[in-house]
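In: When you get a sec, could you give me coordinates for this:
(one chain, ligands or ions: 2)
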Amino acid sequence: MAVYTEVPEDDARSLFARLGLGDLVELRGIQGGIENTNYFATTEQDGQRTEWVLTLFERLTAQQLPFYLRLMKHLAQHGIPVPDPQADAAGDLVHLLCGKPAAIVDRLAGRSELQPTAAHCAAVGEMLARMHLAARDFPLTQPNLRALPWWNETVPVVLPFVDEAQAALLRSELAYQNHIAASSAATALPRGAVHADLFRDNVMFQEGALTGLFDFYFAGVDTWLFDLAVCLNDWCIDLATGAHDDVRARALLDAYDRVRPLQAAERRLLPAMLRAGALRFWISRLWDLHLPREASLLQPHDPSHFERVLRHRVEHPVAA
Ligand SMILES: Nc1ncnc2c1ncn2[C@@H]1O[C@H](COP(=O)(O)OP(=O)(O)O)[C@@H](O)[C@H]1O
Ligand SMILES: N[C@@H](CCOP(=O)(O)O)C(=O)O
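Out: Residues are numbered from 1 along each chain as shown. Ligands and ions are numbered 1, 2, ... in the order given. Here you go, the predicted structure:
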């Protein structure tokens, strides 16, 4: 369920009108998603209907939102198929609805491809590289809020909830990632604004073609290699076992590399970064499961999945 705040139609109608987006003719809650309240909305203007997504942010604050929404606008203006946040007369992208910060973006066509082939993975790799290049001149900065400093803070918090073997793996992997991150090769990796959560459920396809990337609310400035590793760990594994799928991974990496050739250091550090990507989501899933914040609405995903992915990445390093 993903309607945590019931929006009265009249309130939504006023917001769409204020933004000059036409008359609201339909508003329906979206059942997918776990973090925010989402509605599909249809408006009519000059006899033409347009589909939108109205989001009320349940956890992110009005101060945190401009980075994400400005990044989406920047990417949309640079030809990347992402939802384009709509501005009011003052140019603001964050609006207030039912006492919560809200945004209106255009609705992307298509649906998520939950059983991707090598062709889908190639499309994701190509678009990821195009997105990285398009964000190079994005002027705002905000760190990836789920990067190494957060792992260092959060691992001690989740340790009491895991068994001995899991605690040993969390500790040793965290030590390894701190060691790698301090190396001159890692600090010199190319970086910029990255999506940082580009899983299968955050990409749309229609008739085999990629039609959009969305859900930018974990975006931040980090290495491009980290973004690539997060994608490989979701798009190019066997979900049941966490095992690497070489055919899909090669398709994704080759397509990425054709748009933005990987540096030698990125190829060398990919195995370590794949481990980092798995560790990041293992920690966040443990944290969401065992430490639900007060009034939290988040429905946690299974942490053991990323424990399996991490064990695979440690035991069977993958060369780029
Ligand atoms: N711009 C969009 N275009 C089309 N569908 C969207 C768009 N944004 C969200 N959705 C739909 O809403 C669902 C939930 O959105 P999501 O951003 O994943 O929510 P949450 O951040 O709460 O997890 C998605 O799975 C998708 O079906
Ligand atoms: N992709 C993350 C969870 C983030 O949730 P989302 O629905 O906002 O993408 C995970 O799988 O742990």
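In: which phi and psi does residue 316 have?
Out: Backbone geometry at residue 316, expressed as degrees, to the nearest 10, gives phi -130, psi 70.
In: from what I can see it touches residue 245, true?
Out: No. Residue 316 lies out of contact with residue 245 (Cβ atoms under 8 Å); the separation is 12.0 Å. For the C-beta atoms, the positions are set from N, CA and C on the backbone; glycine is no exception.
In: Neighbour count for those two, which is higher?
Out: residue 245 (18 against 10; other Cβ atoms under 10 Å).
In: So for the more buried one, what's the nearest residue that isn't a sequence neighbour?
Out: Once flanking residues are discounted, residue 245 sits nearest to residue 236: 5.0 Å by Cβ to Cβ, 6 or more residues apart in numbering.
In: Run a quick neighbour tally on that neighbour.
Out: Residue 236: 24 surrounding residues under other Cβ under 10 Å.
In: same question, the one 10 residues further on
Out: Around residue 246 sit 10 other residues, with neighbours defined as other Cβ under 10 Å.
In: check whether stretch 71-90 contacts ligand 2.
Out: No. Residues of stretch 71-90 are not located near ligand 2 by Cβ under 6 Å from any ligand atom, the shortest gap being 13.7 Å.
In: Can you give the contact residues for that stretch?
Out: For stretch 71-90, the surrounding residues in contact (Cβ atoms under 8 Å, 6 or more residues apart in numbering) are 18-19, 21, 52-53, 69, 93, 95, 103-108, 127, 130-131, 134-135, 138, 140, 193, 210-214, 216, 219.
In: quick check: mean pLDDT across it?
Out: For stretch 71-90, mean pLDDT is 98.
In: start the count at 15, not 1, going forward
Out: Yes, from this point I'll number from 15; that puts the last item at stretch 85-104.
In: buried stuff in it?
Out: With burial defined by 16 or more other Cβ atoms under 10 Å, the residues of stretch 85-104 counted as buried are 85-90, 92, 94-101.
In: Next, see if it gets close to ligand 1.
Out: Yes. Stretch 85-104 reaches ligand 1 (Cβ under 6 Å from any ligand atom) through residue 97.
In: Show the end-to-end separation of that stretch, please.
Out: Stretch 85-104 has an end-to-end distance of 18 Å (Cα to Cα, to the nearest Å).
In: Near ligand 2, which residues of the protein are found?
Out: 47, 48, 49, 211, 213, 216, 229, 295, 298, 299, 315.
In: The fourth one - that's part of a helix, no?
Out: Okay, so that is residue 211. No. Going by DSSP: H, G, I helix; E, B strand; the rest coil, the assignment for residue 211 is coil, not a helix.
In: Skip the chain neighbours and tell me the closest residue to it.
Out: Closest residue in space to residue 211, ignoring its immediate chain neighbours: residue 232 at 4.1 Å, by Cβ to Cβ, 6+ apart.
In: What of the last one?
Out: By the measure of Cβ to Cβ, 6+ apart, the closest residue to residue 315 outside its immediate chain neighbours is residue 299, 5.2 Å from it.
In: just checking, that neighbour touches residue 324?
Out: No. With contact defined as Cβ under 8 Å, residue 299 does not reach residue 324; the gap is 11.5 Å.
In: What residues does residue 132 make contact with?
Out: Taking Cβ under 8 Å, 6+ apart as the criterion, residue 132 is in contact with 261, 262, 264, 265.
In: scratch that, residue 247
Out: 288, 291, 292, 295, 320, 323, 327.
In: now that we have the residues you listed, which one has the most neighbours?
Out: Highest neighbour count within these: residue 288, with 29 neighbours (other Cβ under 10 Å).
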